[in-house]
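Asks: structure of the sequence below:
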Amino acid sequence: MKKIVFIVLASSLLQACTSVNVRKVDASAHAVKLVCIEENPKVLVNDMLAVLEEGFQRHDIRTLVYQGKAPDRCEYTLWYTATRGWDFTPFLNRAELRLRRNSETIASANYEHSGGFALNKWASTSTKLSPVIDELLSGFK
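Replies: Sure thing, here's the model as predicted:
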């Protein structure tokens, strides 16, 4: 009996504690061709902006990065934030994306790694967020 309790406890500690919540873009209501990404200088995940741009471009959506006020031609904007955790080395542990048309949020995504000893915590930003972005934009090419 002790072995079974130990195995259950050990496996629960080792499993990935990752949650993903996506409210995808309704592609039939939004013909998104360009997304302007509001650069967030507070995000310390070095490749976050590149991963976001690559994700949208993979779905044939052009990107433009801006700071401050969005350019007039930006009907669709993306706001994002991300935080890092640390376990011998920094890793992405949380990200939030909000896609807006003018000032209305039309889609959102949240990624959170919430502990455990899972080795996937050290996976790259792209490995973690590409599936999230693909789900967010699943109605596009």
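
Asks: quick one, helices of this structure?
Replies: With DSSP state H as the criterion, the chain has helices at 2-14, 48-57, 125-136.

Asks: burial measure for Phe56, as a count.
Replies: For Phe56, the number of neighbouring residues by other Cβ atoms under 10 Å comes to 22. C-betas here are computed from N, CA, C, even on glycine.

Asks: that one contacts Cys36, correct?
Replies: No. Counting by Cβ atoms under 8 Å, no contact exists between Phe56 and Cys36, whose distance comes to 10.4 Å.

Asks: what do these two both touch?
Replies: Thr63, Leu78 (Cβ atoms under 8 Å, 6 or more residues apart in numbering).

Asks: strands along the protein, start to end?
Replies: With DSSP state E as the criterion, the chain has strands at 18-23, 34-38, 62-66, 76-86, 90-101, 104-113.

Asks: adding mean neighbour count, write these out as a markdown table.
Replies: Listed next are those as a markdown table, based on neighbours: other Cβ atoms under 10 Å:
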| stretch | mean neighbour count |
| --- | --- |
| strand 18-23 | 15 |
| strand 34-38 | 19 |
| strand 62-66 | 13 |
| strand 76-86 | 17 |
| strand 90-101 | 20 |
| strand 104-113 | 17 |
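
Asks: and those strands: which comes nearest Met48?
Replies: The closest approach between Met48 and any of the strands of the chain, judged by Cβ to Cβ, belongs to strand 76-86 at 5.2 Å.

Asks: direction included, what does that closest one pair against?
Replies: Strand 76-86 has these partner strands in its sheet, going by DSSP bridges: strand 34-38 (parallel), strand 90-101 (antiparallel).

Asks: re the thing from before, mean pLDDT added to the strands of the chain, as JSON lines?
Replies: Formatted as JSON lines, the entries for the strands of the chain read as follows, by pLDDT from 0 to 100:
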{"stretch": "strand 18-23", "mean pLDDT": "92"}
{"stretch": "strand 34-38", "mean pLDDT": "98"}
{"stretch": "strand 62-66", "mean pLDDT": "98"}
{"stretch": "strand 76-86", "mean pLDDT": "92"}
{"stretch": "strand 90-101", "mean pLDDT": "92"}
{"stretch": "strand 104-113", "mean pLDDT": "95"}
